[in-house]
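*Asks:* Here's a sequence, model it:
(chains A, B, C and D)
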Number of protein chains: 2
Amino acid sequence: MAGLAKRNPPADVYAAQCPSRGVLDHLTSRWGVLVLVALAEEMHRFSALRRKIGGVSEKMLAQTLVTLEEDGFVERTAYPEVPPRVEYRLTPLGREVAVKVESLVDWIEANVPRVQRARAAR
Amino acid sequence: MAGLAKRNPPADVYAAQCPSRGVLDHLTSRWGVLVLVALAEEMHRFSALRRKIGGVSEKMLAQTLVTLEEDGFVERTAYPEVPPRVEYRLTPLGREVAVKVESLVDWIEANVPRVQRARAAR
DNA sequence: TTCGTTACTTACCAAAAGGTAGGTACTTAC
DNA sequence: GTAAGTACCTACCTTTTGGTAAGTAACGAA
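*Replies:* Take a look at the predicted model:
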């Protein structure tokens, strides 16, 4: 039958086993957010990301990049050179979410003082 | 001196010890995101949140609510009754971020199939 | 009379996250 | 000749996270 598509139930983040939960976890992971906004700015090599994102270990950065690549948000291009050169950039899908993530991050950076005042007020 | 305000350096999420990192962590925590979007819909009692957010334990929900309250995103109102009744709602600050968080969550819910296709394609 | 409901808190334990260090292979700089 | 840079991977160990269960106080329902 032409046009037959598997229809799965609509996503619902409140449901513990909804696949959207996994995507949410990857995107909002400690380093996932920062990788996304860094790559939204421009292409980065592995070591450039590592230097840019303060506090990431190589292990965590590599792991984060793998899961973001698996989910189709990040594209990895390796050049068969020595020393190795690998470029990371966002896919079209990645660019779409990055917009949302960036706007959250921008809000946070702009409003840290208000949060600090709230903390101090108690 | 009137009008003297402590000027701290602009927030930078890339810097490991920038306070924005802490705020980011709280907001993008596993349960923080879900609490925020739930409270963006309407006021919830503790047990209502617990039932709505699939998979949260009481301990984690309580902990998440405390940190969101400390940061000034959530307001807690307890009524001295037995059995106890406590209402949680967003503060004005909370409503602002919730907009950003909701738009991320909405995007995810709408695009899970694309992510799944990306995963399948490898 | 005993159970369930409410909103937690605390203690204890298991699981997961994440840091550190070392190895690789080859090139360029010193 | 030695050290550094590159992009990782793996093993080991510590830290953090999170789940489970029990306790609380008072009331309404069965």
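
*Asks:* how about the nearest residue to A:Ala121 once chain neighbours are set aside, what does it touch?
*Replies:* Spatially, and ignoring its direct neighbours in sequence, A:Ala121 is nearest to B:Gly72 (7.7 Å; C-beta to C-beta, 6 or more residues apart in numbering or on different chains). (Glycine included, C-beta is placed from N, CA and C.) Residues near B:Gly72 by C-beta atoms under 8 Å, 6 or more residues apart in numbering or on different chains: A:114-115, A:117-119, A:121, B:91, B:93-94.

*Asks:* Please repeat the previous calculation with a cut-off of 6 Å.
*Replies:* Neighbouring residues of B:Gly72 by C-beta atoms under 6 Å, 6 or more residues apart in numbering or on different chains: A:115, A:118, B:91, B:93.

*Asks:* Tell me the spacing between the last one and A:Pro113.
*Replies:* In this structure, B:Leu93 and A:Pro113 are 11 Å apart, going by C-beta to C-beta, to the nearest Å.

*Asks:* try A:Leu27
*Replies:* Distance, A:Leu27 to A:Pro113, by C-beta to C-beta: 26 Å.

*Asks:* Neighbour count: the two, which is higher?
*Replies:* A:Leu27 (26 against 13; other C-beta atoms under 10 Å in any protein chain shown).

*Asks:* From A:Glu87, how far out is that one?
*Replies:* Counting by C-beta to C-beta, the separation of A:Leu27 from A:Glu87 is 21 Å.

*Asks:* can you check A:Leu93 too?
*Replies:* 18 Å.

*Asks:* Just want to know which of these two has more residues nearby.
*Replies:* A:Leu93 (18 against 14).

*Asks:* and that one, that's in a helix?
*Replies:* Yes. Judged by DSSP: H, G, I helix; E, B strand; the rest coil, A:Leu93 forms part of a helix.

*Asks:* How confident is the prediction for it, by pLDDT?
*Replies:* Note on A:Leu93: pLDDT of 97.

*Asks:* Is A:Lys59 part of a helix or strand, or is it coil?
*Replies:* helix.

*Asks:* what about it, how many neighbours?
*Replies:* By other C-beta under 10 Å, the residues close to A:Lys59 number 8.

*Asks:* Tell me, what's the model's pLDDT at it?
*Replies:* The score at A:Lys59 is 94. That number is its pLDDT.

*Asks:* Tell me how far it lies from DNA strand D.
*Replies:* A:Lys59 is 5 Å from DNA strand D, where distance means C-beta to the nearest atom of the strand, to the nearest Å.

*Asks:* measure that residue to A:Trp31 for me?
*Replies:* 11 Å.

*Asks:* Kindly report the residues of chain A close to chain B.
*Replies:* Counting by C-beta under 6 Å from any C-beta of the partner chain, chain A comes close to chain B at A:11, A:13-16, A:19-20, A:23-24, A:28, A:52-55, A:70-72, A:93, A:100, A:103-105, A:107-109, A:112, A:114-115, A:118-119.

*Asks:* out of those, which are buried?
*Replies:* Taking 16 or more other C-beta atoms under 10 Å in any protein chain shown as the criterion, what is buried in those is A:11, A:13-14, A:19-20, A:23-24, A:28, A:53, A:71-72, A:93, A:100, A:104-105, A:107-109, A:112, A:115, A:118.
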